[in-house]
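Chemist: Sequence and predicted structure, then a few things I'm wondering about:
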Amino acid sequence: MVSKSAQPDPIEQLLSKISQEVKREEEQLLATFFQRAIARIIDTAIVFGTSFGLQEMAIYFINADNPYNVVFIVSSVKQAMPAFALMMWVLLYSPVLESLGGTIGKRIMRIRLVDLSTRQVPYFRMCAARSWIYLIFVVLAGIPAILSCLAYFVSDYHQTWHDKLTNMICVKY
């Protein structure tokens, strides 16, 4: 008579692990377009609000220093603010926060970016690449940025172009 071993069967363990992973994937829902849009609006408000605050602080210090051409300097600072905000988004806000689990807007909306292959929070370099790709779309007159966001509706995993190029999806948590 063959006795049963005290150790569990490795094949059964593997099959159990695979079935648990499949259940987790089925339960993991993709973020809606509305959630992503509201998160982007919140993040934009935060970045532009911070940039505006820094602009006002710079203007205050310029006026306090009372240089000869104060009007020219102040108007130059005001003109540079949108570009400063965009660069702050691309260099700091988005890549750093996405690689730490999500931007403030995404956290409020209870969504996050994950790598499509591993379902883990992506590395900083991939988040930075995603931000730079979106920056390129915005710089190209905005039309590619809008088309990228509308690609959500025709993609298998509801991915925008900058998500697809960096192999990321946005999921609810």
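Modeler: Perfect, thanks for sending it.

Chemist: what's around T103, how many residues?
Modeler: 26 (other CB atoms under 10 Å). (C-beta placed from N, C-alpha, C; glycine too.)

Chemist: same check, this time on the one 10 residues further on
Modeler: For L113, the tally of surrounding residues (other CB under 10 Å) stands at 24.

Chemist: any idea which element A128 lies in?
Modeler: A128 is part of helix 124-139, with elements assigned from DSSP states H and E.

Chemist: tilt between the next helix or strand after that helix and helix 124-139?
Modeler: Once the chain leaves helix 124-139, the next helix or strand it forms, by DSSP H and E, is helix 143-150. In this structure, helix 143-150 runs at an angle of 120 degrees to helix 124-139, with axes from the mean of the first three to the mean of the last three CA atoms, to 10 degrees as the basis.

Chemist: Show me what counts as buried in helix 143-150.
Modeler: P144, A145, S148, C149 (16 or more other CB atoms under 10 Å).

Chemist: so how many other residues sit close to M57?
Modeler: Look at M57: counted by other CB under 10 Å, it has 10 neighbours.

Chemist: again with T166
Modeler: Neighbourhood size, T166 [other CB under 10 Å]: 22.

Chemist: Can you show me the strands along this structure?
Modeler: Taking DSSP state E as the criterion, the chain carries its strands at 111-115, 168-172.

Chemist: could these be laid out in JSON lines, adding mean pLDDT?
Modeler: Putting the strands of the chain into JSON lines (pLDDT from 0 to 100) gives the following:
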{"stretch": "strand 111-115", "mean pLDDT": "93"}
{"stretch": "strand 168-172", "mean pLDDT": "92"}
